[in-house]
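Engineer: Predicted model and sequence below, questions to follow.
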Amino acid sequence: MEHSKTANRIMFALLVFAAAVFLFPIFVVLMNSFKNKFSISQTPFVLPNGDTFAGITNYTTGVADTGFFSAFGWSLFITVFSVLAIVVFTSMTAWYIVRVKSVFTSIFYYALVFSMIVPFQMVMFTMSKTANTLGLDNPIGIILIYLGFGAGLSTFMFTGFIKSVPVQIEEAATIDGCNPAQTYWRIVFPILKPTAITVAILNTMWIWNDYLLPYLVIGHDYKTIPIAVQYLKGGYGSVDMGAMMAMLVLAIIPVVIFYLSCQKYIIKGVASGAVKG
Amino acid sequence: MGKAVKKYFALFVLPTLIAFVIAFAVPFLMGVYLSFTEFRTVSDAQFVGFANYIKAFSENNEFLFSLWFTVKFAVVSVFSINVLAFALALMLTRGIKGTNLFRTVFFMPNLIGGIVLGYIWQLIINGVLYKYGYSITSNPTFGFWGLVILMNWQMIGYMMIIYIAGIQNISTDILEAAKVDGANSFTTLFRIIIPSVMPSVTICLFLTITNSFKMFDPNLALTAGAPSKQTQMVALDIYNTFYSRSGYEGVGQAKAVMFFLVVAVIALLQLWFTRRKEVES
């Protein structure tokens, strides 16, 4: 469609303005992370100058106070392995549910769908108690918790896709001597790849940023990035604003890198995930 | 196919099933049961009937207040997010140069976690209010609008992506035909584009409503409910009932069950609407 040039010019100007509004908060945080901690709260919109410039001291104190690098490590560990577990196990379960029709599989399927609408607060207390009782309150155990909690949406998305996969291909593989495990990994899973990417992206965004679940389950002994940021606020003293700014910047950097490197998949995944969810 | 697969239950289903039972099924059922008991450590639960549910409303009005605050917040945010996201989606489907870059920028805040978002906006809002001698916690109205702005910043890009997908699905034939028939931009927008993207509208409304209701992390970071719990949303109220008042775990659980029911009703309404729309088309 042809549009008038003036209309497009006005819209371009509006978009530039909107983009500036969207980027402004991040810019302000970045700028303040280089100012000394007393010049932040009251004059956040002033650029650092000779008196207020603090170099990287905010970063060094912030990293030391929160144990940022260990938090980054735990966030990465928990996110990567939970997402792997979710993609591997829920896709297999989804295939089983679609191919084996029984009372059990349909009950399990509806239970999984049901879990999608239950808010976290409903189970937070009992779930963290259960995790504690069973000794799952560590970075390995929490992977099982994420698998169970993420199973609803992920299995739902996989089953939706598997229903459209023709069973004949799998039967041919069986005739050629594949057992179900081989059929699944050699034939079915490669077909599921686009859905697997979507599921992986949605779960990565959820688990990486999740605060309350890891705080309740492993927060006593281990910090993830959101816990480390919130930890700066804790206690009774006033917050070190410099360290806070530096931590916010360090928390945003991995997200921006992840976003810019897999942008195509993220935007596609979010769009298709929403349509199905 | 089914018979051969059936033997592989342990490999294909058991891991997910065990995790689901431990992380969700057992805690959910326990949660429903515990809402009718008084307890501190779960094992000491004493059945008390509906006492917790009554206490949730009668002891103080925190629960109702936070619920009402959440509803007001949801109404304002859902409206503003969807209007702005739709406007951006319209502008980004006209082939204006730089479209991809704009889309990248608008979506980015959606990937930043709620706690981080809360502190980013606390800095900005306090910085503006400081000039007038206030801070975000000096008046609940500031906290309310702070949460609304934060939520808009986070969700607009996400909804915009869904609207863009919806608009791009409209066949160009229809749009060309409208043009040939002499429809102006307004008629095209209200007679063709908006009716065609109704499925996207339903999805976006649902996502924004449920996300507004469940909001927790940004609330904790931005205001933590201050001043005096007046900017406390339901999720935060439930959390505080559980963890900052010993002896009120049962009341917290009863509130959680009611919160679940509210969210479930919204989800079912959404499902019903979507189904009805699908039948029509």
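Structural biologist: Yep, that arrived.
Engineer: Please identify the residues of the stretch 151-281 of chain B in proximity to chain A?
Structural biologist: Proximity of the stretch 151-281 of chain B to chain A (CB under 8 Å from any CB of the partner chain) is limited to residues B:153, B:157-158, B:161-162, B:164-165, B:172, B:175-176, B:179, B:203, B:207, B:213-214, B:216-217, B:220-221, B:234-235, B:238-239, B:242, B:249, B:252-253, B:256-257, B:259-260, B:263-264, B:267. Using the backbone N, CA and C atoms, a C-beta is placed for each residue, glycine as well.
Engineer: ok but A:Gln42 is inside a helix, no?
Structural biologist: No: under DSSP: H, G, I helix; E, B strand; the rest coil, A:Gln42 falls outside any helix and is assigned coil.
Engineer: Relative to A:Pro25, how far out is it?
Structural biologist: Between A:Gln42 and A:Pro25 the distance is 18 Å, computed by CB to CB, to the nearest Å.
Engineer: Also A:Ser238?
Structural biologist: In this structure, A:Ser238 and A:Pro25 are 22 Å apart, going by CB to CB.
Engineer: where's A:Ala271, which helix or strand?
Structural biologist: Secondary structure assigned from DSSP states H and E places A:Ala271 in helix A:263-276.
Engineer: so what are the domain limits for chain B?
Structural biologist: Chain B breaks down by automatic domain parsing into domains covering B:2-51, B:56-280.
Engineer: In which helix or strand does B:Gln232 reside?
Structural biologist: Secondary structure assignment for B:Gln232, by DSSP H and E: no helix or strand.
Engineer: Out of the helices and strands in the chain, which is least certain?
Structural biologist: Answering for chain A, as no chain was given. Taking mean pLDDT, DSSP states H and E as the measure, chain A has helix A:263-276 as its least confident helix or strand, at a mean of 77.
Engineer: on contacts alone, who are the packing partners of it?
Structural biologist: The helices and strands touching helix A:263-276, judged by 3 or more CB pairs under 8 Å, 6 or more residues apart in numbering or on different chains; DSSP states H and E, are helix A:141-162, helix A:189-209, helix B:99-107, helix B:140-168, helix B:198-214.
Engineer: rerun at 10 Å
Structural biologist: Packing partners of helix A:263-276 (3 or more CB pairs under 10 Å, 6 or more residues apart in numbering or on different chains; DSSP states H and E): helix A:141-162, helix A:189-209, helix A:241-261, helix B:99-107, helix B:140-168, helix B:198-214.
Engineer: if we can go back for a sec, name the residue in A:Ser238 and A:Pro25 with the higher neighbour count.
Structural biologist: Remark: of A:Ser238 and A:Pro25, A:Pro25 carries more neighbours, 21 against 8, as counted by other CB atoms under 10 Å in any protein chain shown.
Engineer: and the host helix or strand of that one, does that touch chain B?
Structural biologist: Secondary structure assignment for A:Pro25, by DSSP H and E: helix A:5-32. Yes: on the criterion CB under 10 Å from any CB of the partner chain, helix A:5-32 is in touch with chain B at A:7-12, A:14-16, A:18-26, A:28-29, A:32.
Engineer: quick one: buried residues of the longest helix that chain A contains?
Structural biologist: Across chain A, the helix with the greatest residue count (assigned by DSSP state H) is helix A:68-99. Neighbour-count burial for helix A:68-99, with 16 or more other CB atoms under 10 Å in any protein chain shown as criterion, is recorded at A:68, A:71-72, A:74-75, A:77-79, A:81-83, A:85-99.
Engineer: got the CA coordinates for the next helix or strand along the chain from that helix in PDB?
Structural biologist: Following helix A:68-99 in sequence order, the next helix or strand is helix A:103-116 (DSSP H and E). Only the C-alpha atoms of helix A:103-116 are listed here, as PDB (Å, rounded to 0.1, in the frame of the first residue of the first chain):
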ATOM      1  CA  VAL A 103      -7.600 -42.400  30.700                       C
ATOM      2  CA  PHE A 104      -4.300 -41.700  32.500                       C
ATOM      3  CA  THR A 105      -2.800 -39.600  29.700                       C
ATOM      4  CA  SER A 106      -5.900 -37.500  29.300                       C
ATOM      5  CA  ILE A 107      -6.100 -36.900  33.000                       C
ATOM      6  CA  PHE A 108      -2.400 -36.000  33.100                       C
ATOM      7  CA  TYR A 109      -2.800 -33.700  30.100                       C
ATOM      8  CA  TYR A 110      -5.700 -31.800  31.700                       C
ATOM      9  CA  ALA A 111      -3.900 -31.500  35.000                       C
ATOM     10  CA  LEU A 112      -0.900 -29.900  33.200                       C
ATOM     11  CA  VAL A 113      -3.200 -27.500  31.400                       C
ATOM     12  CA  PHE A 114      -4.900 -26.700  34.700                       C
ATOM     13  CA  SER A 115      -1.500 -25.900  36.300                       C
ATOM     14  CA  MET A 116      -1.000 -23.100  33.700                       C
END
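Engineer: Which of the helices and strands packed on helix A:263-276 sits closest to A:Thr61?
Structural biologist: Distances from A:Thr61 to each of the helices and strands packed on helix A:263-276 were compared using CB to CB; the minimum, 4.9 Å, belongs to helix A:241-261.
Engineer: what about the stretch 1-150 of chain B, any weak spots by pLDDT?
Structural biologist: For the stretch 1-150 of chain B, residues meeting the criterion pLDDT under 70 lie at B:1.
Engineer: ok, now which ones touch A:Gly67?
Structural biologist: With contact taken as CB atoms under 10 Å, 6 or more residues apart in numbering or on different chains, A:Gly67 is in contact with A:Gly73, A:Trp74, A:Tyr222, A:Lys223, A:Ala228, A:Tyr231.
Engineer: just checking: which of these also lie near chain B?
Structural biologist: Within the contacts of A:Gly67, those near chain B by CB under 10 Å from any CB are A:Ala228.
Engineer: Export the contacts of A:Gly67 to a markdown table and append columns for pLDDT.
Structural biologist: Shown next, in a markdown table, are the contacts of A:Gly67 (pLDDT from 0 to 100):
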| residue | pLDDT |
| --- | --- |
| A:Gly73 | 96 |
| A:Trp74 | 96 |
| A:Tyr222 | 93 |
| A:Lys223 | 93 |
| A:Ala228 | 92 |
| A:Tyr231 | 88 |
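Engineer: The residue positioned nearest the centre of chain A and chain B, how far apart?
Structural biologist: To find the centre residue of chain A, average its C-alpha atoms and take the closest one (CA atoms, centre = their mean): that gives A:Met205, at 1.9 Å. When CB to the nearest CB, to the nearest Å is applied, the distance between A:Met205 and chain B equals 6 Å.
Engineer: Could you tell me how many residues sit around the nearest residue to that residue once chain neighbours are set aside?
Structural biologist: Excluding its sequence neighbours, the residue lying closest to A:Met205 (CB to CB, 6 or more residues apart in numbering or on different chains) is B:Leu111, at 6.0 Å. Counted with other CB under 10 Å, the neighbours of B:Leu111 add up to 21.
Engineer: Now do the contacts for the residue nearest to the spatial centre of chain B.
Structural biologist: The central residue of chain B, meaning the one whose C-alpha is nearest the mean C-alpha position (CA atoms, centre = their mean), is B:Asn211 at 0.5 Å. Contacts were defined as CB under 10 Å, 6+ apart; by that measure B:Asn211 touches B:Ala74, B:Ser77, B:Val78, B:Ile81, B:Met151, B:Gln154, B:Met155, B:Tyr158.
Engineer: B:Phe28 too?
Structural biologist: By CB under 10 Å, 6+ apart, B:Phe28 lies in contact with A:Ala111, A:Phe114, A:Ser115, A:Val118, A:Met122, A:Val123, A:Thr126, A:Met127, B:Val257, B:Phe260.
Engineer: you'd agree it is in a helix?
Structural biologist: Yes: when three-state DSSP is applied, B:Phe28 is found to be in a helix.
Engineer: Which single residue in the stretch 1-150 of chain A comes nearest to chain B?
Structural biologist: Among the residues of the stretch 1-150 of chain A, A:Gly148 lies closest to chain B, at 2.7 Å counting by CB to the nearest CB.
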